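# here is my input, please return the structure:
(one chain, ligands or ions: 1)
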Amino acid sequence: MTYHEPSGLPLLIANLVVDYGAHRVLNGLDLSIRPGEIYALLGGNGAGKSTTLAAIMGFVPPASGEVRVCGVAPGSAPVQARRAIAYLPENVALYEHLTARENIQYFLGISSERRTNAEIEAAFNAAGLQEDAFNRRVAGFSKGMRQKVAIALALLRHVPLVLLDEPTSGLDPRATQDFNRLLGGLRERGSAVLMVTHDLLSAADTADRIGFLDAGRIVQESVAEGPDRYDVRALHRHFARPVAA
Ligand SMILES: Nc1ncnc2c1ncn2[C@@H]1O[C@H](COP(=O)(O)OP(=O)(O)OP(=O)(O)O)[C@@H](O)[C@H]1O
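Predicted structure coming up:
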């Protein structure tokens, strides 16, 4: 196991380079996130957002540079990385024949964690899942409900780092607002959140910082400030501009 001292930041990426064969996808990426901070990573198709998440989970080896999750290189310590990270893919995968509660118990069991029924129900409540859904099979659940189950799991696991891949895609505006509120719950727990998204409004509503990825590195970063938080029009202009050649 490799430790990066003295930093135990939930996420530290320094000068990360990732190649797929001859294709350089990440090209000197720097990104660190503090406990309780929500960071939205935006960028055009193919900019390298999903690759960034894969590198954080240790699925993609760096050609050079560093990735540290709580001080540990995820590729060198997959089990520790798994325990430190909650990953919500765009389409949350649950066991269809199990109830919401059974899914939670199953996934907690994988990481050898146990919670009481009362704790699980408190997490469902915090995630905004209606009580009549706790003991229903998830087969009929909407995308928004599935996300609430996954967020409840992240809340129960108390992980330092939560990775979200396009969490609001396919959600209606109300479900998006519910989801945005849930991010506040993760922040209160002190989890660092990295959200990859194309949803500029959701990012502007929730994120403490917004970074734009282009050609494998962050080319612009904005910090939430004042009552308006962000100049969304300016962000949109930047987001929609042609990417670097
Ligand atoms: N497993 C792979 N092997 C080879 N090339 C890949 C692989 N995965 C992604 N790529 C390429 O790497 C580049 C970055 O892909 P990535 O999926 O990280 O982008 P993205 O920013 O998440 O895009 P999108 O917004 O479309 O999801 C793209 O050019 C893609 O074609």
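
# residue nearest the centroid of the protein?
Centroid-nearest residue in the chain: residue 163, 2.0 Å away (criterion: CA atoms, centre = their mean).

# need the phi and psi values for it.
phi -110, psi 130 (degrees, to the nearest 10).

# show the pLDDT at it.
As predicted, residue 163 sits at a pLDDT of 95.

# that one and residue 54 touch, don't they?
No. In this structure, residue 163 is not within contact of residue 54 by CB atoms under 8 Å, at 9.9 Å. C-beta: built from backbone N, CA, C; applies to glycine.

# before we move on, the earlier item: how many residues are close by the closest residue in space to the residue nearest to the centre of the chain that isn't next to it in sequence?
Leaving aside its chain neighbours, residue 163 sits nearest to residue 87 (4.6 Å; criterion: CB to CB, 6 or more residues apart in numbering). Neighbour count of residue 87, defined by other CB atoms under 10 Å: 19.

# residue 68 reaches residue 12, doesn't it?
Yes. Shown here, residue 68 and residue 12 form a contact pair, counting by CB under 8 Å, at 4.3 Å.

# all strands for this structure, in order.
Assigned by DSSP state E, the chain shows strands spanning 11-20, 23-33, 38-43, 64-68, 85-88, 161-165, 192-196, 209-214, 217-223.

# off-centre distance for the fourth one?
Here the centre of mass of C-alpha atoms in strand 64-68, compared against the chain's by CA atoms, centre = their mean, to the nearest Å, lies 19 Å away.

# and that strand, what's buried?
65, 67-68 (16 or more other CB atoms under 10 Å).

# and for stretch 16-27?
16-19, 25-27.

# still on that earlier bit, comparing the strands of the chain, which gets the lowest mean pLDDT score?
Taking the mean pLDDT of the strands of the chain, strand 85-88 comes last: a mean of 90.

# quick one: which of the buried residues of stretch 16-27 is nearest to the ligand?
residue 25 (4.3 Å; CB to the nearest ligand atom).

# so what touches the least confident helix or strand in the chain by mean pLDDT?
Lowest mean confidence among the helices and strands of the chain (mean pLDDT, DSSP states H and E): helix 78-84, at a mean of 77. By CB atoms under 8 Å, 6 or more residues apart in numbering, the residues outside helix 78-84 that reach it are 1, 10, 57-58, 69-70, 72, 74, 111, 159-161.

# now that helix: how far from the chain's centre is it?
15 Å.

# what residues sit buried inside that helix?
By neighbour count with 16+ other CB under 10 Å, helix 78-84 contains the buried residues 80-84.
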